[in-house]
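K.L.:
this is a predicted model, with the sequence first.
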Amino acid sequence: MRIALVSDIHANVEALRAVLDAIKNEGADRIVCLGDIVGYNTDADPCIALLRDAGAVCIAGNHDRAATGAIETEGFSGPAARAIAWTRPRLAGDSHSFLSGLPLKAVVGDALVAVHGALHPDQGCELVRLDDDAKRGLSLDALARHPSGARICAFGHTHRAGVWERRDGVLRQLEGDTVTLHPDALHLVNPGTVGEPRGADSRASFALLDTGLNQIAFRRVAYDRRAVLAKTRRAGLAPRFAGVPAPVRMRLIGILRSIGLYEWLKRALPRRSSAV
């Protein structure tokens, strides 16, 4: 079986369409979405409709739960919280019902356990970032105990693609665009982000799990980023310096803060409010 893993779409319908087209060309048998269908961008309803039409297995992310009011946005960044406040009154009734019904965890066949943030803990797992070995180890412990017997946990939330293996007590990250999974190891797999890239590569990212070959292959897909940015700007959701690649933007903001100019610029360049 070939399972396409997608995550962190964040209401970016241009990116999702490009990824779904690529998945169709790859001949995937099933699509699993690891959450954060909404947030940051403006096309929540169309993204939900596309995933439903594709028959995707979907997990609730923290942005999905916040959009339905299941959790609040304390701890969200300013742009993330603004996008949730913008999305809530605009979310169609059937979209709200769909997001409200999503589970935090799901077993996909006997192949993998799907989560958004982490397999641990039992409460608030959608908010946990597997961004260091200590937390990755806790989720691998949870995977080892999981009643499904699955040896792969697929997760999102960090927006960073990667595969981690624990074998003979040793945890390491596996490198490469195509990675072979050892049958005696436990694995964590993150497909990256469809709609909200944070690294130098601004293309949409997804992964393909081939259960017959025991392989994970990462794919990157270009999409019309200008169209997405134009919509977020019109809605007043685009972060300052949004046209600058994320790593450069964060360094620039850091420099401006260190010399005391960032807050002045925020006041001097007020954010455009939404007209809709």
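P.N.:
Structure's in. What do you need? Predicted model, so just to flag it, every value in this text is computed and none were measured. Numbering: from 1, shown residues only.

K.L.:
what are the phi and psi values at residue 19?
P.N.:
phi -70, psi -40 (degrees, to the nearest 10).

K.L.:
tell me how far it lies from residue 187.
P.N.:
Counting by C-beta to C-beta, to the nearest Å, the gap from residue 19 to residue 187 is 22 Å. All C-beta spots, glycine's among them, are computed from the backbone N, C-alpha and C.

K.L.:
neighbour-wise, which of the two wins?
P.N.:
Taking neighbours as other C-beta atoms under 10 Å, residue 19 and residue 187 compare with residue 19 leading, 27 against 24.

K.L.:
and that one, what does it touch?
P.N.:
6, 194, 204, 206, 221 (C-beta atoms under 8 Å, 6 or more residues apart in numbering).

K.L.:
which of those residues lies closest to residue 159?
P.N.:
residue 194 (9.7 Å; C-beta to C-beta).

K.L.:
what's the local residue count around the closest one?
P.N.:
30.

K.L.:
contacts only, for it.
P.N.:
Here residue 194 is in contact with 6, 7, 8, 9, 10, 12, 15, 16, 19, 204, 205, 206 (C-beta under 8 Å, 6+ apart).

K.L.:
going along the chain, name the helices of this structure.
P.N.:
Listed in chain order, the helices of the chain (DSSP state H) span 13-26, 44-53, 62-67, 78-87, 93-100, 133-145, 225-234, 246-258, 262-268.

K.L.:
could you identify which of those helices is most buried?
P.N.:
Of those, the one with the most neighbours on average (mean count of other C-beta atoms under 10 Å) is helix 62-67, at a mean of 27.

K.L.:
who does that one touch, helix- and strand-wise?
P.N.:
Applying 3 or more C-beta pairs under 8 Å, 6 or more residues apart in numbering; DSSP states H and E, one finds that helix 62-67 contacts helix 78-87, helix 93-100.
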